[in-house]
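Asks: my questions are about this predicted structure, shown below with the sequence.
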Amino acid sequence: MIATDMLRVTAKAARDVTQARTVDEVAKTALAITAELGLHSLSVVKKPADDASAEDAILFTNVPDCQVSKYRARGYAGVDPIVQRTLRGDRARLLSGIGEERLSELERKVFSSYHCATGVKDGLAIPVRRSVHPDGVITFGGVEPDLSAPAQAALTVLGHVIYGRLEELRSAPQPRGKAMLSPREIEVMTWVAQGKSDAETAVILSMSERTARFHMANAKAKMNASTRVQAVTRALELGLIKS
């Protein structure tokens, strides 16, 4: 894709992202353009304020659920070298460059698990700063991605738009029928609404307890809720689940 075409397509994708009504729509729109650059993996991670908030740092990712569940449960956002090392600078970082740095054993473990889970060979990690302080990191990855200077510039612009829209969707309650709960999130919340614990819900739905917690955490974020009870209450009020 030549530079002029890339700018035109990126501008259209950015407009479409700002009009997306759900997290999934944002991701679908973004991945449609990044696929042309050989990028199939997308992760958006908010800088955790502290260790306690690291579990809910992921705004979006298409990394497999089992890997994300482990990432959340262990608070890896606080030690993820892609996130933490990108936040230290002002420019986008190649994943291959981060991998060549001296990483601790835990950092190397987290870094390798991302590549194994996604099949990514290289990509771009972009620091997002919507004010004077760093907000988060958006990471694009692929097998043989186009990481030329024009591609990096386009991804940086699109990355900031994606992050901003996801934050808007996360911070505002969704109108009736528009809150995008996945089928699994609806199933988990339905059982939680009936008083089931994560462990009990996991057994009922034939999943791990961590996976049940992962779906519940996603649902909480989509409901803009700080507690399970608050999330369930809002989902019931919106008619997204039944008691």
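Replies: That came through, no problem.
Asks: same question for stretch 191-204: list its buried residues.
Replies: For stretch 191-204, the buried set under the neighbour-count rule, 16 or more other C-beta atoms under 10 Å, comprises 191-193, 196, 198, 201-202. Just so you know, the C-beta spots here come from the backbone N, C-alpha and C atoms, and that holds for glycine as well.
Asks: so which of those are in strands?
Replies: Among those, no member falls in strands (criterion: DSSP state E).
Asks: for those residues, which one is nearest Q84?
Replies: Ranked by distance to Q84 (C-beta to C-beta), the buried residues of stretch 191-204 are led by D198 at 28.3 Å.
Asks: what's that closest one in contact with, if anything?
Replies: Neighbouring residues of D198 by C-beta atoms under 8 Å, 6 or more residues apart in numbering: 209, 212-213, 216.
Asks: can you put the buried residues of stretch 191-204 in TSV and add distance to P183?
Replies: As requested, the buried residues of stretch 191-204 are exported to TSV (distance: C-beta to C-beta, whole Å):
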residue	distance to P183
W191	13
V192	15
A193	16
K196	17
D198	18
T201	14
A202	16
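Asks: let me know the closest of those residues to R72.
Replies: Looking across the buried residues of stretch 191-204 and measuring by C-beta to C-beta, the closest to R72 is D198, at 12.5 Å.
Asks: gap between the closest one and M189?
Replies: As for D198, its distance to M189 is 12 Å (criterion: C-beta to C-beta, to the nearest Å).
Asks: okay, and the common contacts of those two?
Replies: Shared contacts of D198 and M189, defined by C-beta under 8 Å, 6+ apart, are found at M216.
Asks: so the most centrally placed residue in the chain, which of the three states?
Replies: Nearest residue to the geometric centre of the chain (C-alpha atoms, centre = their mean): F60, 1.8 Å. Applying DSSP: H, G, I helix; E, B strand; the rest coil to F60 yields a three-state assignment of strand.
Asks: was I right to think it contacts S41?
Replies: No - checked against C-beta atoms under 8 Å, the pair F60 and S41 is beyond contact range at 11.3 Å.
Asks: show me the shaky parts of this structure.
Replies: Low-confidence segments of the chain (pLDDT under 70): 1-4, 49-56, 131-133, 171-180, 243.
Asks: so where do the helices sit in it?
Replies: Using DSSP state H, the helices of the chain run over 3-19, 23-34, 65-73, 81-87, 95-99, 105-118, 149-171, 183-193, 198-204, 209-222, 228-237.
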